[in-house]
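Trainee: Pasting a predicted model and its sequence here:
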Amino acid sequence: MYDLIIIGGGPSGINCAIEAQRSGLSYLLLEKGVLANSIYHFPTHMTFFSTSRRLEIADIPFISHGDKPTRAEALEYYRRLVQHFELNVRLYEPVETMEGTAAGTYRIRTGKGRYETQAVVVATGFYDTPRLLNVPGEERPKVTHYYTDPHPYVGQKVLVVGAANSACDAALELWTHGAEVTMAIREGEIYPGVKYWIRPNIENRIKEGSIRAYFHTTVEEIAAKSVRLQTPEGPLVLENDFVLAMTGYRPNFDFIRRLGIQIQDSERGALPCYQEDSLETNLSSVYLAGVICAGMDTSSLFIENTRDHAHRIIRHIMETKRVGSSY
């Protein structure tokens with residue numbers, strides 16, 4: 001029996017584990033993949049938009065060599081947090097089911113074990129579930145929704161779909177390393193929220209013709225050696241070796257629903273149900289933490305503006321729930 005089980009081993013999950021430990025709660029953190037799994041799958045040479053200081057948690061300094069920390073520095077920071085606090089973390093253990101009991105507790109089953117807990121925090125983020133194009137051929141091996149490294153694409157014809165940060169970062173790095181890059185952009189311009197040091201670069205590469213860009217354009221079909229686009233001038237077929245669909249990501253709503261958490265429609269799109277002050281969901285003693293709270297409005301929450309979630313949740317548990325060794 002645990003006081004708290006945390007699902008998700010990213011920054012928010014780690015933060016919740018530290019707060020639980022500092023409050024004397026027995027806890028277990030379950031992560032389906034590697035530690036900080038979402039950050040691990042970021043592009044290899046990615047640089048954060050936030051400064052390292054704004055990413056710090058638990059009052060532990062985050063030291064980076066530059067003004068903006070890199071993916072590698074972030075992975076080291078979160079690993080050191082787990083080691084420093086000796087957190088109770090189990091990796092490669094995805095949660096399969098969660099069910100309530102008559103006593104008001106929750107039984108959680110994974111592929112490796114079964115656990116019972118007084119409270120649950122869901123901190124699964126949204127990076128594991130890409131927004132699909134839903135076009136014929138998207139299942140081909142040449143198509144990916146994640147970009148990590150430019151080397152496999154050297155000398156290849158690559159279509160990058162999208163115009164936000166991930167798409168622009170990938171397009172520029174691919175072009176720099178010798179790929180022939182084309183962009184298919186649904187809107188009429190590069191996304192206004194692109195990093196301020198990236199946007200002029202990508203716009204200049206498009207203007208000079210180094211990177212071809214088709215605006216107001218969608219992907220219609222992906223074939224083995226080509227792609228078919230729908231442009232303002234009509235259909236266009238391009239030779240193609242790889243497609244990077246940088247179309248964004250969303251929370252795993254199927255998993256959230258399986259846990260019993262309700263999803264509601266809002267002005268911001270689909271949104272998990274939770275209380276703004278405590279972050280408690282429609283299920284008693286089940287909470288959300290981190291960017292998952294934004295639902296489909298994935299650009300509104302980041303690591304830096306969700307760092308208080310852990311404190312709010314643990315405070316609510318300590319003040320209103322029956323937890324601890326006396327339970």
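Mentor: Here it is on my side, so go on. For clarity, every value in this text was computed on a predicted model and none was experimentally measured. Numbering: from 1, shown residues only.
Trainee: tell me the domain ranges of this structure?
Mentor: 2-129+249-320, 143-245 (automatic domain parsing).
Trainee: Show me the contact partners of stretch 76-93.
Mentor: Residues outside stretch 76-93 that contact it (CB atoms under 8 Å, 6 or more residues apart in numbering): 9-11, 14, 17-18, 21, 27-36, 39, 52, 55, 57-58, 60, 62, 69, 110-113. Where you see a C-beta, it was placed from the backbone N, CA and C, and this is true even at glycine.
Trainee: Quick one, which of those residues are buried?
Mentor: Among those, those classed as buried by neighbour count (16 or more other CB atoms under 10 Å) are 9-11, 14, 17-18, 21, 27-32, 35-36, 39, 52, 55, 57-58, 62, 69, 110.
Trainee: So which of the residues you listed sit within strands?
Mentor: Taking DSSP state E, the ones among the buried ones among the contacts of stretch 76-93 that sit in strands are 27, 28, 29, 30, 110.
Trainee: I figured the fourth one hits residue 110, correct?
Mentor: Yes - with contact defined as CB atoms under 8 Å, residue 30 and residue 110 form a contacting pair (6.4 Å).
Trainee: between the two, what contacts are shared?
Mentor: Residues touching both residue 30 and residue 110 (CB under 8 Å, 6+ apart) are 93, 94, 95.
Trainee: Report the contact partners of the last one.
Mentor: Neighbouring residues of residue 95 by CB under 8 Å, 6+ apart: 7, 30, 32, 108, 109, 110.
Trainee: Quick check: longest strand in the protein by residues?
Mentor: The chain, longest strand under DSSP E: strand 114-122.
Trainee: Please enumerate residues in contact with it?
Mentor: Applying CB under 8 Å, 6+ apart, the external contacts of strand 114-122 come out as 1-8, 13, 16, 28, 98, 101, 104-109, 256, 259, 261, 281, 283, 285-289, 292, 313, 317, 321-323, 327.
Trainee: who wins for proximity to residue 135 among the domains of the chain?
Mentor: Distance to residue 135, taken as CB to CB, is lowest for domain 143-245 among those, at 5.4 Å.
Trainee: what about that closest one, distance to the chain center?
Mentor: With CA atoms, centre = their mean, to the nearest Å as the basis, the distance from the averaged C-alpha position of domain 143-245 to the chain average is 21 Å.
Trainee: Quick one: end-to-end length of it, please.
Mentor: For domain 143-245, the first and last residues are 7 Å from each other (CA to CA, to the nearest Å).
Trainee: next one: stretch 157-176
Mentor: 13 Å.
Trainee: Now for residue 91, how many residues are close by?
Mentor: Other residues near residue 91 come to 14 when the count uses other CB atoms under 10 Å.
Trainee: Give me the distance between it and residue 33.
Mentor: Spatial separation of residue 91 from residue 33 under the definition CB to CB, to the nearest Å is 7 Å.
Trainee: which residues do the two both contact?
Mentor: Both residue 91 and residue 33 are contacted by residue 9, under the criterion CB under 8 Å, 6+ apart.
Trainee: can you redo the contacts of residue 95 as a markdown table with distance to residue 158?
Mentor: Converted to a markdown table, those look like this (distance: CB to CB, whole Å):
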| residue | distance to residue 158 |
| --- | --- |
| 7 | 35 |
| 30 | 37 |
| 32 | 30 |
| 108 | 42 |
| 109 | 42 |
| 110 | 38 |
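Trainee: hang on, residue 80 in a helix?
Mentor: Yes - the secondary structure assignment for residue 80 places it in a helix, going by DSSP: H, G, I helix; E, B strand; the rest coil.
Trainee: Looking at the ones in strands among the buried ones among the contacts of stretch 76-93, which is nearest residue 198?
Mentor: Looking at these and their distance to residue 198, the nearest is residue 29, at 33.7 Å (CB to CB).
Trainee: now the residue nearest in space to the middle of the chain, nearest residue through space, not along the chain?
Mentor: A centroid search over the chain (CA atoms, centre = their mean) returns residue 127, at 2.7 Å, as the residue closest to the centre. Counting by CB to CB, 6 or more residues apart in numbering, residue 38 is the residue found nearest to residue 127 once chain neighbours are left out, at 3.8 Å.
Trainee: any idea how far that neighbour is from residue 61?
Mentor: Taking CB to CB as the measure, residue 38 and residue 61 are separated by 22 Å.
Trainee: And stretch 98-108, how far out from the chain middle?
Mentor: The gap between the average C-alpha position of stretch 98-108 and the chain average comes to 28 Å, counting by CA atoms, centre = their mean.
Trainee: Ok, stretch 67-74 next?
Mentor: Here the centre of mass of C-alpha atoms in stretch 67-74, compared against the chain's by CA atoms, centre = their mean, lies 16 Å away.
Trainee: likewise stretch 10-26?
Mentor: Relative to its chain's centre, stretch 10-26 lies at 20 Å (CA atoms, centre = their mean).
Trainee: residue ranges for the helices of the chain, please.
Mentor: 11-22, 37-40, 71-85, 165-176, 199-208, 253-259, 309-320 (DSSP state H).
Trainee: by contact count, what packs against the fourth one?
Mentor: Secondary-structure packing of helix 165-176 (3 or more CB pairs under 8 Å, 6 or more residues apart in numbering; DSSP states H and E): strand 157-161, strand 180-184, helix 199-208, strand 242-245.
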